[in-house]
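1. test case, fold it:
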Amino acid sequence: DARAAPLVCLHKGKTGEDEVILDLSPLRTPQHFAEIARVCSAAHPGAKVEALELLAPSSGGGEEGGDAVLSLSEEAVKELLDAFLTQPIYRLPQWVISWEL
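-> Just a heads-up that it's a prediction; the model follows:
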C-alpha cells in the first residue's frame, strides 16, 4: 500500500490527446487535498479536479466542467481522517487532478 507518494499516470489517447492523472489519495492527508489540488491546478491550465465519494457536485451539473463542493459533517470528517490512517488504499475515496495534453 503506497503511502506519502501521489500516483501519477499517463493515459495515451488514440486521437493524439493524452491525459495525465494525479491521484492525491495515497498521500493519506485528506485535510490538505483541497490546497494541494489548488496549487497543482494553478501549475498548468486546464486541470480538472475530481473528488470521488468525498464531494457532492456543485449546483447544476454532473462531473463535466463543474467543480465540486465539500459537504461533510464534522463527524464524517473525523471518520474519514481515521479511515485514511487505517484502511487499505482501495477502500478510500480518490482525489484526482487530470490534464489533457
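
2. count the residues that sit near residue 38.
-> Using other Cβ atoms under 10 Å, residue 38 has 13 other residues around it. Every C-beta, even on glycine, is put in place using the N, C-alpha and C of the backbone.

3. quick check: it is in a strand.
-> No: residue assignment for residue 38, taken from DSSP: H, G, I helix; E, B strand; the rest coil, gives helix, which places it outside any strand.

4. all helices of this structure, in order?
-> Ranges of helices within the chain are 33-43, 74-86, based on DSSP state H.

5. and for residue 43, the neighbour number?
-> The local packing of residue 43 (other Cβ under 10 Å) involves 10 other residues.

6. count of neighbours near residue 23?
-> Residue 23 is surrounded by 19 other residues when neighbours are defined as other Cβ under 10 Å.

7. distance check, it against residue 75.
-> Counting by Cβ to Cβ, to the nearest Å, the separation of residue 23 from residue 75 is 26 Å.

8. ditto for residue 85
-> In this view, residue 85 and residue 75 are 16 Å apart by Cβ to Cβ.

9. ok so, going back, which of the helices of the chain has the lowest average pLDDT?
-> In terms of mean pLDDT, the lowest-scoring of the helices of the chain is helix 74-86 (a mean of 83).

10. go through that helix and flag the buried ones.
-> When neighbours are counted by 16 or more other Cβ atoms under 10 Å, the buried residues of helix 74-86 are found to be 80, 84.

11. give me the residues contacting that helix.
-> For helix 74-86, the surrounding residues in contact (Cβ atoms under 8 Å, 6 or more residues apart in numbering) are 25, 28-31, 54, 72, 91-93.

12. residue 37 is in contact with residue 95, correct?
-> Yes: between residue 95 and residue 37 there is a contact at 6.7 Å, judged by Cβ atoms under 8 Å.

13. what is in contact with those two at once?
-> With contacts defined as Cβ under 8 Å, 6+ apart, the residues adjacent to both residue 95 and residue 37 are 24, 49, 51.

14. looking at these, which gets the smallest pLDDT?
-> Among the shared contacts of residue 95 and residue 37, residue 51 has the lowest pLDDT, at 78.
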